[in-house]
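K.L.:
build me a structure from this.
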Amino acid sequence: MTPRPGQEATVRDADITVRVSATADPAAVRSARLGLLLRSLRDRGPRSRGRLAEETGLTRTVATGLVDELVELGLVFCEDADRRGAGRPGVQVRLVGGAVCGVGAEVNVDHLAVVAVDLAGTVIAEARRGIDGRNLPAEGVLAELADLITDALAEARTAGTTVAAITVGVAGLVDTATQRVTLAPNLGWRDIDVAEDVRHRLAATAGLLGPVPPVRVANEATLAATAELDPADADRADMVVLYGEVGLGGAIVSGGRVAMGRHGWAGEIGHLQVDPRGRRCGCGRTGCWETVVGLRALLESATDPDDPIRDPALTLEERLATLVERARLADGRTLAALDEVGTWLGTGAAVLVNALNPGTVVLSGYYAALGEWLRPAVEARLAADVLAPRAGGTRVAVSAFGPTAAVRGGALVSLEPVLSDPTVLADLPELHGGTR
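P.N.:
Residues are numbered from 1 along each chain as shown. Here you go, the predicted model:
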């Protein structure tokens, strides 16, 4: 597709629009089209060249040339129908999933997590460690995080996978311009350069792993929302993600994109005031939503201070497994605590549904593990408190990723540079020590 002078052509798929002007840099146009095909293969699975051309609005000749370039980059391969059985298209274009991966990491009050995910969505490295973040200095927390990332990079290198980038999610406000954590109230952090600290620590092991991939930082609930996006589900193009952790993280998705706000601070819904006479929050205010729906609130309601479930050495999964077991055994105190948290969760969610009318409210983070007990209470409050009929048509969904949503979202964000411009892969081998 070549526009005449003064005209603009458009290349489309379900989720991306690439506009090509007559004055556009040909290399940039080529890179955008390569990314368009690569993203289509990731989201929709194997396709013939003709099908790719049809779905992306490219001519078959252009699509074929782009596929050949992706083959040279080691990102896709073409498979003859003879190997797939009769009746299929002549050639299927398939992702080489293990060619490149993104690394996601998460810093939360009670745990650290790291995961490496390849283009096909396969997890190639994963680790989680319980911590007592409130009583550890930032330097100690980040040292432990760097250890987990170092192990993930080593596993990626052993698998021969290129690491595109590392994205660290933090439960706090992140300045998108400076990449500094401005405030993480539950961790007690202010103005911490997480990306630079992690980069410096990883560089200390560069002799073993090779040069460090790019490191960036983001709000962990924003990353969780990225993991919850689903191009095949129209209701998730407009959604509210409630990410349960020690507090409550949140994100708003509109038109298939996570809303960042004018300065990148959007989504701090955990600090909406729901109980003016309630508890004091870690942020210093009173009655914030997270004081009644965070994991800390649930544990305080469901357990005694000396209950083994409160041991900071336990992982989040271990705590949740104990709560699930008690709920299934119909423990009265556990069920009452879950009903109370679910009711408060629905009360706050109704405010957001009245304001935004999303297609879906997603219960993510720790809420997903306990969704069997939380969702009915949330749905009941939406039915009672949302003005529009049938709760405005908003459905409540339980995340498939649960407590891993943020770290998985970080891995997906780390893959974005390759999905936007696959040609950057040619510059990455020197950065990570992997092979292609």
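
K.L.:
helices or strands up against the host helix or strand of Val93?
P.N.:
Using DSSP states H and E, Val93 maps to strand 91-95. Applying 3 or more C-beta pairs under 8 Å, 6 or more residues apart in numbering; DSSP states H and E, we find strand 91-95 packed against helix 26-44, helix 49-56, strand 76-80. Glycine gets a C-beta too; all of them are placed from N, C-alpha and C.

K.L.:
mind redoing it with 10 Å?
P.N.:
helix 26-44, helix 49-56, helix 60-72, strand 76-80 (3 or more C-beta pairs under 10 Å, 6 or more residues apart in numbering; DSSP states H and E).

K.L.:
make JSON lines out of these and add mean neighbour count and distance to Ala113.
P.N.:
Formatted as JSON lines, these follow (neighbours: other C-beta atoms under 10 Å; distance: least, C-beta to C-beta, whole Å):
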{"stretch": "helix 26-44", "mean neighbour count": "19", "distance to Ala113": "23"}
{"stretch": "helix 49-56", "mean neighbour count": "19", "distance to Ala113": "35"}
{"stretch": "helix 60-72", "mean neighbour count": "17", "distance to Ala113": "31"}
{"stretch": "strand 76-80", "mean neighbour count": "16", "distance to Ala113": "30"}
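
K.L.:
out of these, flag the one nearest Pro214.
P.N.:
Nearest to Pro214 among these is helix 26-44; the distance by C-beta to C-beta comes to 17.4 Å.

K.L.:
okay, now the unreliable bits of the stretch 101-250 of the chain?
P.N.:
Residues of the stretch 101-250 of the chain that meet the criterion pLDDT under 70 lie in 206-210.

K.L.:
in it, which spans are helices?
P.N.:
Under the criterion DSSP state H, counting those that start in this stretch, the stretch 101-250 of the chain carries helices at the ranges 138-158, 194-203, 206-209, 220-228.

K.L.:
any chance of these in TSV, with distance to Arg51 too?
P.N.:
Shown next, in TSV, are these (distance: least, C-beta to C-beta, whole Å):
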stretch	distance to Arg51
helix 138-158	31
helix 194-203	40
helix 206-209	40
helix 220-228	27
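
K.L.:
most packed of those?
P.N.:
Comparing those by mean neighbour count (mean count of other C-beta atoms under 10 Å), helix 220-228 comes out on top with a mean of 29.

K.L.:
before we move on, which element is the spatially most central residue of the chain in?
P.N.:
In the chain, the centroid-proximal residue (C-alpha atoms, centre = their mean) is Gly409; its distance is 1.7 Å. Element membership for Gly409, per DSSP H and E: helix 405-420.

K.L.:
how about that helix as CSV, C-alpha atoms only?
P.N.:
The C-alpha trace of helix 405-420 is given here as CSV (Å, rounded to 0.1, in the frame of the first residue of the first chain):
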residue,chain,number,x,y,z
ALA,A,405,-1.1,-10.8,37.0
ALA,A,406,1.2,-7.9,37.7
VAL,A,407,4.4,-9.8,37.2
ARG,A,408,3.0,-11.3,34.0
GLY,A,409,1.9,-7.9,32.8
GLY,A,410,5.5,-6.7,33.4
ALA,A,411,6.8,-9.5,31.1
LEU,A,412,4.3,-8.5,28.4
VAL,A,413,5.3,-4.8,28.6
SER,A,414,8.9,-5.9,28.3
LEU,A,415,8.1,-7.6,25.0
GLU,A,416,6.4,-4.4,23.5
PRO,A,417,9.6,-3.0,21.9
VAL,A,418,9.9,-6.2,19.8
LEU,A,419,6.2,-6.3,19.0
SER,A,420,6.3,-2.6,17.9
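
K.L.:
average pLDDT for it?
P.N.:
Helix 405-420 shows a mean pLDDT of 95.

K.L.:
list the buried ones in that helix?
P.N.:
Within helix 405-420, the residues scored as buried using 16 or more other C-beta atoms under 10 Å are 405-420.

K.L.:
how big is the angle separating it from helix 138-158?
P.N.:
50 degrees (axes from the mean of the first three to the mean of the last three C-alpha atoms, to 10 degrees).

K.L.:
angle of helix 405-420 against helix 26-44?
P.N.:
Using the same axes, to 10 degrees: helix 405-420 against helix 26-44 is 140 degrees.

K.L.:
what number of residues lie near Pro308?
P.N.:
10 (other C-beta atoms under 10 Å).
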